[in-house]
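**Student:** Turn this into a structure:
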Amino acid sequence: MRTFKKLLALLIVFSSVQVMAQTDKATTAKLVADKHLVFEATSATPMANADLNKIMSRMPGGMGGGMIQLTGSQYQLIINKDSVEAYLPYYGRAYNSTMNPDDSGIKFKSKKFDYKTTAKKKGGWIIDITPKDTKDVRTLSLSVSTSGYATLNVMSMNRQPITFNGFIAEPKKVE
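**Tutor:** Take a look at the predicted model:
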């Protein structure tokens with residue numbers, strides 16, 4: 001009976017965490033239409049290759065180049081009508097490297113960009129963003145479900161593609 005109670009308690013905790021990450025359909029539609037949202041990354045999936053698999057398998061608990069959990073971090077893509085700002089990690093192969101450690105990851109703020117929203121047939125949206133004033137990032141493709149879960153694909157000029165999973169939310173008010 002104690003085991004059953006513990007399992008039930010765990011189920012309630014995990015389901016409440018999932019409910020917090022979701023938004024309702026109307027809120028999600030409003031965020032996408034207003035071009036005012038934040039994508040919170042919870043995991044990253046780099047493009048698999050032999051070099052990355054070697055490195056990832058040597059990390060504690062690593063099993064090769066699969067999904068990397070980002071929970072507890074503040075990695076995000078902030079979309080506003082007049083700007084797009086990214087603060088995301090990067091795992092994978094870079095074809096041209098930089099000597100500046102501040103340029104690691106996917107970090108940029110763009111004021112010149114194309115924003116295109118396409119509705120999916122079975123509900124949800126695909127948001128394509130093409131920054132015009134960044135050095136490396138070519139395109140960002142954000143696939144959003146009606147419940148607020150999202151997948152972000154980042155294509156770069158000098159790096160392999162990477163995919164992030166997470167959810168969208170309303171931007172926090174700046175005080």
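**Student:** how about the nearest residue to P131 once chain neighbours are set aside, what does it touch?
**Tutor:** Among residues not flanking P131 along the chain, S110 sits closest, at 4.0 Å (C-beta to C-beta, 6 or more residues apart in numbering). For the C-beta atoms, the positions are set from N, CA and C on the backbone; glycine is no exception. Going by C-beta atoms under 8 Å, 6 or more residues apart in numbering, S110 touches S83, V84, E85, P131, K132, D133, T134.
**Student:** So the fifth one sits against F113, correct?
**Tutor:** Read that as K132. Yes - with contact defined as C-beta atoms under 8 Å, K132 reaches F113; the gap is 5.9 Å.
**Student:** The two - which one has more neighbours?
**Tutor:** Applying other C-beta atoms under 10 Å to K132 and F113 shows that F113 carries more neighbours, namely 17 against 9.
**Student:** Just checking: what are the partner strands of the strand ranked longest in the chain?
**Tutor:** When the chain is parsed with DSSP state E, its longest strand is strand 37-46. Partner strands and pairing direction for strand 37-46 (DSSP bridges) are strand 68-69 (antiparallel), strand 76-79 (antiparallel), strand 162-169 (antiparallel).
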